[in-house]
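> Sharing a model prediction with you, sequence too.
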2 protein chains.
Amino acid sequence: MVRAGLTPERLTQAGAELADEVGFEEVTVSEVARRFDVKVASLYSHVKNSRDLKARIALLSLEELADRAADALAGRAGKDALIALADVYRDYAREHPGRYAAAQFRLTPAEAAASAGIRHSQMTRALLRGYDLPEPDQTHAVRLLGSVFHGYVDLELAGGFSHSAPDSQESWSRILDALDTLLRNWSAEPPEGDREK
Amino acid sequence: MVRAGLTPERLTQAGAELADEVGFEEVTVSEVARRFDVKVASLYSHVKNSRDLKARIALLSLEELADRAADALAGRAGKDALIALADVYRDYAREHPGRYAAAQFRLTPAEAAASAGIRHSQMTRALLRGYDLPEPDQTHAVRLLGSVFHGYVDLELAGGFSHSAPDSQESWSRILDALDTLLRNWSAEPPEGDREK
DNA sequence: GCCCATGCCTAAAGCCTTTAGGCAACCCTC
DNA sequence: GAGGGTTGCCTAAAGGCTTTAGGCATGGGC
């Protein structure tokens, strides 16, 4: 019998495609095996278990996303860069919903440390150089941007903004405008926290 | 043999507790049955299927969250209200991670329409009354707040901000300050979109 | 006190995961 | 080019979750 030529990479790739088709949660070792026309047990020499397969898909997705982000950021700065980066996340999520969901997979600290996750925060930091924030604030801003990008994309994917005016693209643009303004005026704010609670 | 007294409500409640213990994804009809010391098949007279159970947990969580939000908002306005509402989401997610995850469950449009999801957007809108935004912008702002709250809480829960300075509480406060400023100056921005792309 | 409805049970099929052990195909060496 | 070892996929099997079908007994109502 002809060998199927399974490798962790090919399985991961197939898993990623499957994720985009049926949703990341529905990715199953069995279904991947079926797609290679191979018995399920065969996959277990290439992948530790179901969780391992999913983690690999997550790592692949983070990598792809980081590559796109790096591309988008090249040669841009300021608001231009902000919009470009934001659109990378949003577009990726729309093109590859399963992979995007995979990118949210809970990796172990060790896996996370070795993942492209690092590149993502580095790129956000690079982006923020254009806004010139002092250090503690830069981290706050990184977290803010991460939250908005992730939160918006996630809600949009969940169907939160569909079929209700104004359309999502408009909100997205307006929100990015607002973030740009916010970042440009970040320091020019009420001197210190007069926060309650 | 003594009857266990199963009802959809008690099953949902048990499911919610289970979710907080083991994670929403891991909630299983079998495990809930085990907790009632009852055979699995018995649950199927009270709950349509696994998906139905999860949807009920989602609805319960949305309801609880909305109740808390309503409480927190009562008698507050402006930044005070903003912080109170934001903290409701964050605190709920930290106290009940499983339920919080459940609140993100993809409901059908019909279920969503009948859920407390509506109350959530209404409350955000109520909160924004304190900032007095004209209509299209109000919707944009609702979406922005939803994105930040959801995004931040989600990333924090995923462990994104743990073990790295500055601590998460500080970023959270700073981000809410920034949002307040942003909302107060929302209209006072660059007249019209000079956005590219 | 009887009777029916309801509630939980047994049984069973289907699908997924994971491990163990086996045979055959491939590659490398002689 | 043949032998031999390694690697790759297979069969077998156990265990878990889901879901449906059909049965018996409990418990409330008459």
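Perfect, I can see it now.
> for the residue of chain A found nearest chain B, what are its contacts?
Using CB to the nearest CB, A:Gly151 is the residue of chain A that sits closest to chain B, at 2.4 Å. Every C-beta, even on glycine, is put in place using the N, C-alpha and C of the backbone. Neighbouring residues of A:Gly151 by CB atoms under 8 Å, 6 or more residues apart in numbering or on different chains: B:146-152, B:154.
> possible to save the residues you listed as CSV with secondary structure?
As requested, those are exported to CSV (DSSP: H, G, I helix; E, B strand; the rest coil):
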residue, secondary structure
B:Gly146, helix
B:Ser147, helix
B:Val148, helix
B:Phe149, helix
B:His150, helix
B:Gly151, helix
B:Tyr152, helix
B:Asp154, helix
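> Going by neighbour count, which of these comes out on top?
B:Tyr152 (28 neighbours; other CB atoms under 10 Å in any protein chain shown).
> who's in contact with that residue?
A:143-144, A:147, A:151, B:90, B:172, B:175.
> B:Asp177 versus the closest residue to A:Ala77 other than its chain neighbours, what's the distance?
Spatial nearest neighbour of A:Ala77, chain neighbours left out: A:Gly130 (4.6 Å); criterion: CB to CB, 6 or more residues apart in numbering or on different chains. Using CB to CB, to the nearest Å, A:Gly130 is found at 22 Å from B:Asp177.
> So which of these two has more stuff around it?
Applying other CB under 10 Å to A:Gly130 and B:Asp177 shows that B:Asp177 carries more neighbours, namely 20 against 17.
> which one is the residue of chain A closest to chain B nearest to, not counting chain neighbours?
Using CB to CB, 6+ apart, the closest residue to A:Gly151 is B:Gly151 (2.4 Å).
> Quick check, pLDDT for that neighbour.
With respect to pLDDT, B:Gly151 scores 98.
> Which residue ranges of chain A form helices?
Using DSSP state H, the helices of chain A run over A:8-22, A:29-35, A:40-43, A:50-73, A:78-95, A:97-102, A:109-113, A:117-129, A:135-157, A:168-184.
> So the longest one, near DNA strand D or not?
No: shown here: helix A:50-73 not in contact with DNA strand D (CB under 7 Å from any atom of the strand), separated by at least 10.7 Å.
> The shortest one too?
Yes: Helix A:40-43 reaches DNA strand D (CB under 7 Å from any atom of the strand) through A:41-42.
> what distance separates that helix from the centre of its chain?
Distance of helix A:40-43 from the chain centroid (CA atoms, centre = their mean, to the nearest Å) equals 30 Å.
> So is it next to DNA strand C?
Yes: for helix A:40-43, a contact with DNA strand C is found by CB under 7 Å from any atom of the strand, at A:40-41.
> Go ahead and name everything in contact with that helix.
A:4, A:6, A:11, A:29-30, A:32-33, A:53.
> okay but A:Ser50 is in contact with A:Thr28, surely?
Yes: using CB atoms under 8 Å, A:Ser50 makes contact with A:Thr28 at a distance of 7.3 Å.
> Quick check: closest non-adjacent residue to A:Ser121.
A:Val142 (6.0 Å).
> got it, and A:Ala81?
A:Leu127 (5.0 Å).
> A:Ala70 now?
A:Met123 (6.6 Å).
> Distance to DNA strand D for the contacts of B:Tyr152 - can I get that in JSON lines?
Below are the contacts of B:Tyr152 laid out as JSON lines (distance: CB to the nearest atom of the strand, whole Å):
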{"residue": "A:Arg143", "distance to DNA strand D": "36"}
{"residue": "A:Leu144", "distance to DNA strand D": "38"}
{"residue": "A:Ser147", "distance to DNA strand D": "32"}
{"residue": "A:Gly151", "distance to DNA strand D": "29"}
{"residue": "B:Arg90", "distance to DNA strand D": "30"}
{"residue": "B:Trp172", "distance to DNA strand D": "35"}
{"residue": "B:Ile175", "distance to DNA strand D": "38"}
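> could I get these as JSON lines with distance to A:Ala74?
Shown next, in JSON lines, are the contacts of B:Tyr152 (distance: CB to CB, whole Å):
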{"residue": "A:Arg143", "distance to A:Ala74": "24"}
{"residue": "A:Leu144", "distance to A:Ala74": "23"}
{"residue": "A:Ser147", "distance to A:Ala74": "25"}
{"residue": "A:Gly151", "distance to A:Ala74": "26"}
{"residue": "B:Arg90", "distance to A:Ala74": "36"}
{"residue": "B:Trp172", "distance to A:Ala74": "32"}
{"residue": "B:Ile175", "distance to A:Ala74": "28"}
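> Among those residues, which one lies nearest to A:Ser61?
A:Gly151 (18.1 Å; CB to CB).
> coming back round to it: for the residue nearest to A:Ala70, give me its contacts.
A:Met123 is in contact with A:66, A:69-70, A:73, A:85, counting by CB under 8 Å, 6+ apart.
> Same check on A:Ala86?
For A:Ala86, counting by CB under 8 Å, 6+ apart, the contacting residues are A:148-149, A:172, A:176.
> Throw the residues you listed into CSV and include distance to A:Ala16, thanks.
CSV is the format used below for the contacts of A:Ala86 (distance: CB to CB, whole Å):
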residue, distance to A:Ala16
A:Val148, 26
A:Phe149, 21
A:Trp172, 25
A:Leu176, 28
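> which stretches of chain A aren't confidently modelled?
Flagging of chain A using pLDDT under 70 yields the residue ranges A:1, A:189-197.
> ok so, going back, can you give me the distance of the residue nearest to A:Ala70 to B:Ile118?
From A:Met123 across to B:Ile118, the span is 37 Å (CB to CB).
> got it, and A:Ser61?
33 Å.
> And for A:Lys54?
The value you get for A:Lys54 to B:Ile118, if CB to CB is used, is 34 Å.
> the more surrounded of the two?
Per other CB under 10 Å, whichever of A:Lys54 and B:Ile118 has more neighbours is A:Lys54, with 23 against 13.
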